[in-house]
Every structure is written in C-alpha cells, then in structure tokens.
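In: the following comprises the amino acid sequence and a computationally predicted model.
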Amino acid sequence: MTETKLTARNVDVFYGPKKAIDNVSIDIDNGIVTAFIGPSGCGKSTFLRSLNRMNDTIAGARVTGEILLDGEDIYAPSMDPVALRARVGMVFQKPNPFPKSIYENIAYGPRIHGLASSKAEMDAIIESSLTKAGLWDEVKDRLSDAGTALSGGQQQRLCIARAIAVSPEVILMDEPCSALDPIATAKIEELIDELKENYAIVIVTHSMQQAARVSQRTAFFHLGNLVEYGETSEIFTNPREEKTKDYITGRYG
Amino acid sequence: MSNSTFSSPAFAKRLAQRHAAERRFKLIGLGAIVISLAFLALLLVIMMRNGLGGLNWNFLSGSDSTDPHIAGIWSAAKGSILTMLVTLLLSFPMGVLAAIYLEEFAPRSRWIELVEVSINNLAAVPSIIFGLLGLAVFINTFNMPRSSPLVGGLTLALMTMPVIVISGRNAIKAVPPSIRDAALAVGASKVQAVFHHVLPLALPGILTGTIIGMARALGETAPLLMIGMRAFIVTPPDGITAPSSVLPMQIFLWSDEIDKAFVQNTSAAIIVLLVFLLVMNGLAIYLRNKFEVRW
C-alpha cells in the first residue's frame, strides 16, 4: 500500500574531515512511521538533519551521495533549501517555540509562505493545525498567550502544530520526547500515530520501547553505518545482525 | 559514620571559617560600591554647590560669550544634540548590520578573523587618533565644513561603531540556536530567521551597547578638538554643517578662562551635561525594557 517518499543512496555526511555517516542507503515510505535507533553518537540525528538540509547551517558539514524526495535530488543546485524545508518539516529534541503568542507561533510559517490570503483563512489554518496536534481544546481560549508559557509537553505539541501548519509532506522528529515526562510522551506518541496517515514521519529516538510502540519500520545505526533496516516487529523480535541484537537486548548503548 | 563527621569539632571549625569568608566577601563588595558612589556623590555635591546658582533661563538659552554673566549653554547643547544625532544615525545601523553579518552570515575564514581583530582593536584606539583621522579624511580630503556637527558626528561614529558591533555580536550570540533552527525548519530563509526572530531577541542587548557607546561619545572632547569644534560660538548652529561646539568642549573652554565667574558657568554646564546623559540613558533603558521578551 505504501509508496516511497524519501530515498537515500550511498549517502556520506562529513563534519570537516570527520565522517559522521558512512554510505547509507535507505527508502522511507509514506504513511508510516520510520524510527532511527542506535547508541549516542551513531549519526542518526546527523542523518535526519541531512534529510531537510538542516546540516547546511553547520559550518564544515558536507553531504555526498543522493537523497531523493519524490525522485527529486534535494541536494541538486535547482533545489531551494527554503522550499525543501517547507515540504520536509522538523520537530526538535527540546521544544523550541518562538517567544511569541501561540497564534503567532503557528501563523509564522504560513505567513512567510503566503498560504493564507485573509485573516479568516489564517484562523482556519491555526485551528486545524492545533486540532491535528491535539492542542486545540487546551489553548483555544488563550491563543494570545505566550507559547513559552505552556508546559513542556504542550510546547512540543505546539512545535508539531507549527510544523504541520505549512502542510509539509514529511515530518522529521529528533528525539521529540526526550525532554518530556511519561504522560506528555504518551500524548505525543498517540499524536504521531494519528499523524502518520497523512505524512511520512521519521523519528529519531533513544528509547527502544518508543521505537517499538510508534514505528512500523526501524533503522539501526551504529558508528555512522546503517546496520539493519526492516519491519519494526522483525527488528525487535528477530534481528538479522548480531550488533542489532546486542543493542536491543541492552548489551551496550 | 557520616553523623560523626558532621558533628566533629573540626567540621564545626571549617563551617565557621566558611561563614566568615562569606561575611568578609559581602563586606568587601559593599565597600567597593560605597567608595565609588562616595566619589560620585562628592562630585555631584561640589557641582551643585558651584553651579546651581548659575542655572537660570538666560544660561540655558544663551550662547557663549566673553562675559560670564551673559554666556549660556544652549549653543553647545544644540551642537551636542546635532552631533549625537549624526553619530547615532550612522553608527547604529552600520554597527548592527556589521554585527549581524559577522555573526550570522560571514564565512569562517582568515579574512573575517582579520576583520574581527581589527574591530576589537578599533574599540581600543585612543580617541584623539580618531580626531586626527577625522581631520585628515573628512575635512582635508572630503572638504567637509570644519567645526561642524556633521564632521564631529562622523568622527564620533567611527569611535562608537566598534562598541556597537562588539556588544551587538555578543547579544546575537546569546540568542539560543534553537530559535534559528525553529525558523529555518518551517522554511524561513536565513535573512528572515535573523530579522524576524534573532534580531528582536538581541535588540535589548544591542541597545545596552549603544547606550554605552553613545554616552562615551557624548563626553568625548579630544577628537573634537582636532576637527576645530573648540571655536568660539556665539550663535546656536542652525544645521549640521554650521560651526558648532559641544557640551564637554564648552566645559573645557570655560574651565580654561581666567575670569573667576566662569567657575560657576563650568559647574552649571557640567550639571547640564549630566542631565543630558541621564535623559539619554533613561530613554535607552525605557526602549530596552519595551523590547525585552520574557521567556
């Protein structure tokens, strides 16, 4: 049923002379959640950030190989990183709402891309984004309050709503729950599960339980290599590689 | 075991020593503040005693004169206002843009490092050198009018800009990178991320640096001597190209007079300069609080 959204072919990522990602090839499908797991420093976040060219902002970072979004090379000279990031949204480890109102947090993206031509249209985008992020009922009466005044879990859902508001096709999440308590984490996971219908979602996580709960496919990274990639149920019950088995059974990590 | 450690006489003694050190530090800190404030108070008292009697409408609205009873401060004050305007209008935008470029856009290279070192050095150059530069470049090369607020403002802008660049860069650096990431991730361009999100958050810090730079420029005398702003001005300047003096220069000139009656004028002028400074700082603090974003 699924179709390939993102394809990486022989991707290397360098930070200066240091190779952080070594020859990774992977297909990421639409409509499901793909989890990247692996020990700290294995390159999973680095690889994630190369999928929407956020690595461009790091001095000395370099990507070789091919990353295709719907068959289009995102590192081609004709690809505008600004347009790309509107299509491939991102949610970060630490909730990072703008120090502005809840409304403004969501409205910023649609406004710079010209997605709403009237106040009513913008209001509709705000409501639908917050609803999809499961935050509407909690904040609908205080949209002018500061986004930074919300609780950590609410802030993270606000950041998800902000990413949704520009109608991306892919949402990248870099350990979105690592700064949250278990209840907020459960809400975000539930949300991820609902969102996967409409987006390709890639989530980097430290927690294997989380990967097992929310993802349909899992990729295991180790020392910059993609060790194993497959159905989440397969990876966790019947890993092919010794290294994967050691990691998921808690031998190291 | 641990109980005996924390109730032993040796521990009690160490604890007492630590408390004593704490008290000592508070006392020394308080002393430092009291001493510096005492000198400020002394200065204010002396100035008030000598100068308050000379503060009247004639003094505030008059211009320089050889007769101390007719001499007034307005021509110098207006010169200072015009000079500061020129300085602010040039050094603030240039300083902020330079700070943004260096911090957010400049590629890391030898050249940029050289530029950074130069700007840091520029902030430490003695002001009289800027006066010589102003004389050589603005007056002799560009033929701008001597003694004018225009040239004075340009010269002081050269001095003020590095201060604004340095404080601006620090303020920009203090904006958390996560805000840039957030803006870029929804598809803002680099320039949009900087101007919509980074700059507003850095503005209070930039304004603080601007206050410091402008306050220094307001009190500056040496470089203005070099560009002829010590002229005897009997009419207030009617524009930035008219011959003019500035407040500290007027103080300097009057303090040099033989006539004893100018002592009162000098003190009164110092009071005016201090009030000027207070108003400027007050305005800047008001603006800073207005732009401050609470997290």
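Out: That came through, no problem.
In: so where do the helices sit in the stretch 51-200 of chain A?
Out: Assigned by DSSP state H, counting those that start in this stretch, the stretch 51-200 of chain A shows helices spanning A:81-87, A:102-113, A:119-132, A:136-139, A:152-165, A:182-195.
In: one more: chain B?
Out: According to DSSP state H, chain B carries its helices in the segments B:2-7, B:9-51, B:57-61, B:74-100, B:110-122, B:127-134, B:149-173, B:177-185, B:190-192, B:199-219, B:222-226, B:247-255, B:262-291.
In: can you check which of those gets nearest to B:Asp67?
Out: Judged by C-beta to C-beta, the one of these that comes nearest to B:Asp67 is helix B:262-291, at 10.0 Å. Every C-beta, even on glycine, is put in place using the N, C-alpha and C of the backbone.
In: list the buried residues in the closest one.
Out: B:262-273, B:276-277, B:280, B:284, B:288 (16 or more other C-beta atoms under 10 Å in any protein chain shown).
In: same question, stretch B:163-179
Out: For stretch B:163-179, burial by neighbour count (16+ other C-beta under 10 Å) applies to B:163-172, B:175, B:179.
In: picking up where we left off before, out of the helices of chain B, point me to the one whose mean pLDDT is lowest.
Out: When these are ranked by mean pLDDT, helix B:2-7 comes last with a mean of 73.
In: make a markdown table out of the helices of the stretch 51-200 of chain A and add distance to chain B, mean neighbour count and mean pLDDT.
Out: Formatted as a markdown table, the helices of the stretch 51-200 of chain A follow (distance: least, C-beta to the nearest C-beta, whole Å; neighbours: other C-beta atoms under 10 Å in any protein chain shown; pLDDT from 0 to 100):
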| stretch | distance to chain B | mean neighbour count | mean pLDDT |
| --- | --- | --- | --- |
| helix A:81-87 | 4 | 19 | 93 |
| helix A:102-113 | 4 | 23 | 95 |
| helix A:119-132 | 11 | 17 | 95 |
| helix A:136-139 | 18 | 15 | 94 |
| helix A:152-165 | 6 | 25 | 94 |
| helix A:182-195 | 16 | 16 | 92 |
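In: could I get these as CSV with distance to B:Ile119?
Out: Below are the helices of the stretch 51-200 of chain A laid out as CSV (distance: least, C-beta to C-beta, whole Å):
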stretch, distance to B:Ile119
helix A:81-87, 30
helix A:102-113, 32
helix A:119-132, 42
helix A:136-139, 45
helix A:152-165, 37
helix A:182-195, 45
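In: any idea how far the residue nearest the centre of chain A is from B:Leu88?
Out: For chain A, the residue nearest the mean C-alpha position is A:Leu172 (1.5 Å; C-alpha atoms, centre = their mean). As for A:Leu172, its distance to B:Leu88 is 45 Å (criterion: C-beta to C-beta, to the nearest Å).
In: how about A:Phe92?
Out: Plainly put, A:Phe92 is 38 Å away from B:Leu88 if you go by C-beta to C-beta.
In: contact residues of chain B facing chain A?
Out: Within chain B, the positions near chain A by C-beta under 8 Å from any C-beta of the partner chain are B:107-108, B:176, B:178-189, B:192, B:196-197, B:201, B:293-295.
In: next up, the contacts around the closest residue to the residue nearest to the centre of chain A other than its chain neighbours.
Out: Distance criterion C-beta to C-beta, 6 or more residues apart in numbering or on different chains; nearest residue to A:Leu172, sequence neighbours excluded, is A:Met90 at 4.6 Å. When contacts are counted by C-beta atoms under 8 Å, 6 or more residues apart in numbering or on different chains, A:Met90 touches A:49, A:52, A:54, A:163, A:171-174, B:181, B:185.
In: tell me the contacts of the nearest residue to B:Val198 once chain neighbours are set aside?
Out: Taking C-beta to C-beta, 6+ apart, and ignoring the residues beside it in sequence, B:Val198 has B:Val175 as its nearest neighbour in space, at 4.9 Å. Applying C-beta under 8 Å, 6+ apart to B:Val175 gives the contacts B:197-198, B:201-202.
In: good, we can wrap up now.
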